[in-house]
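1. following is a predicted model, sequence given first.
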Amino acid sequence: MKQKISELLKETREKNPLVHHITNAVTINDCANATLAAGGSPVMADAIEEVEEMTSISSALVINFGTIKKDSLVAMEKAMRKANEKDIPVVFDPVGVGATTYRTKSVQWLLEQVKVTVIRGNVSEVASLIGVEAKTSGVDAGEVGEDKTTIAKKTAKKYNTVVVISGEIDVITDGERVVYVENGHQMLTSVSGTGCMTASIIGCFVGASRSVLEGALAGISYMGLAGERAVKRLKEGEGVGTFKINLFDELSTLTNTVWEKEVKMYEAKQPIL
Ligand SMILES: Nc1ncnc2c1ncn2[C@@H]1O[C@H](COP(=O)(O)OP(=O)(O)O)[C@@H](O)[C@H]1O
Ligand SMILES: Cc1ncsc1CCOP(=O)(O)O
Ligand SMILES: [Mg+2]
């Protein structure tokens, strides 16, 4: 599996998958640049009149709940339905779900209409998707009433999807296999958009891969490792501003050879070979 993911990192740059985003107004530009850095080609399009056509020519669709409105929900539903029809993978980022009734009700409605391929969120957002008690305030992760692995597995089964719960240790599951990724750095939580960018990068890799689980693992480990390496580049006195620049440098230059050496990925606590 590790070898296949490593090859996927290379292939994605060659394939340059078009990744259609319907995303939030806060991190939209960072998501476009993260997609480019990982080897994809971003397009952000949310007009109800064009989303179906745009999804039709894309390799993946990324749906991000960060700043939803009535119109964006209609656009999301249309684009996702088209993606389902054409077997195009859909990556869903439930930003802020659990924080307000509107978000929680909207997500319930949307996921009853259409299918998603990967759900990537922080632990309290994902917990809220399955009604597990969670203290979500805004868009940052809060405490939850169950362990992460159980939440991830239950969510994967409920929505028949691959689930990525990000955090200090990322949990990735298709409902049966559970994989942990231990790359990353606390500093990733000090920059708005690192979760959104992770979903965009997963979009690139699932858009170029035949395996959803491998695409999801490629995406989450790529961001974690880039973050970790971006911190190592910091000199004394440099803070989040330089970190963000370093992060983009790492995202755009990270090779599969370095990834193979530095990725920390475990299945049932066995290294993945
Ligand atoms: N405490 C932490 N230590 C190391 N990496 C982290 C930590 N928290 C989050 N990350 C990493 O930061 C990135 C964004 O995840 P996260 O902060 O959970 O998303 P969100 O911004 O949506 O809440 C992921 O690559 C994740 O692995
Ligand atoms: C702050 C904020 N508010 C609405 S969307 C958004 C960005 C959230 O980005 P991330 O979840 O990647 O930190
Ligand atoms: Mg987020």
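-> Arrived safely. All of these numbers come straight from a predicted model, not from anything done at the bench. Numbers count the residues shown, from 1 in each chain. Ligands and ions are numbered 1, 2, ... in the order given.
2. any idea how far the closest residue to residue 117 other than its chain neighbours is from residue 156?
-> Using C-beta to C-beta, 6 or more residues apart in numbering and skipping residues adjacent in sequence, the residue nearest residue 117 is residue 89, 4.0 Å away. Where C-beta positions appear, they are placed from N, C-alpha and C, glycine not excepted. From residue 89 across to residue 156, the span is 15 Å (C-beta to C-beta, to the nearest Å).
3. now residue 43
-> Distance from residue 43 to residue 156, by C-beta to C-beta: 28 Å.
4. show me which of those two is the more surrounded one.
-> Per other C-beta atoms under 10 Å, whichever of residue 43 and residue 156 has more neighbours is residue 156, with 24 against 15.
5. distance from the host helix or strand of the more buried one to the middle of the chain?
-> Per DSSP states H and E, residue 156 falls inside helix 148-159. How far helix 148-159 lies from its chain's middle: 16 Å, per C-alpha atoms, centre = their mean, to the nearest Å.
6. what comes into contact with it?
-> Residues from elsewhere that reach helix 148-159 (C-beta atoms under 8 Å, 6 or more residues apart in numbering): 111, 115-116, 119, 123, 126-127, 129-130, 132, 144, 161-165, 167, 169, 171-175, 178.
7. ok, it near ligand 1 or not?
-> No: between helix 148-159 and ligand 1, judged by C-beta under 6 Å from any ligand atom, nothing touches; the nearest distance is 10.9 Å.
8. likewise for stretch 251-266?
-> No: using C-beta under 6 Å from any ligand atom, stretch 251-266 never reaches ligand 1; the gap is at least 11.1 Å.
9. mean confidence for that stretch?
-> Throughout stretch 251-266, pLDDT has a mean value of 97.
10. what about residue 201, neighbour count?
-> Residues near residue 201, counting by other C-beta under 10 Å, number 31.
11. kindly apply the preceding question to residue 236 instead.
-> Close neighbours of residue 236, defined as other C-beta under 10 Å, add up to 4.
12. understood, closing this out.
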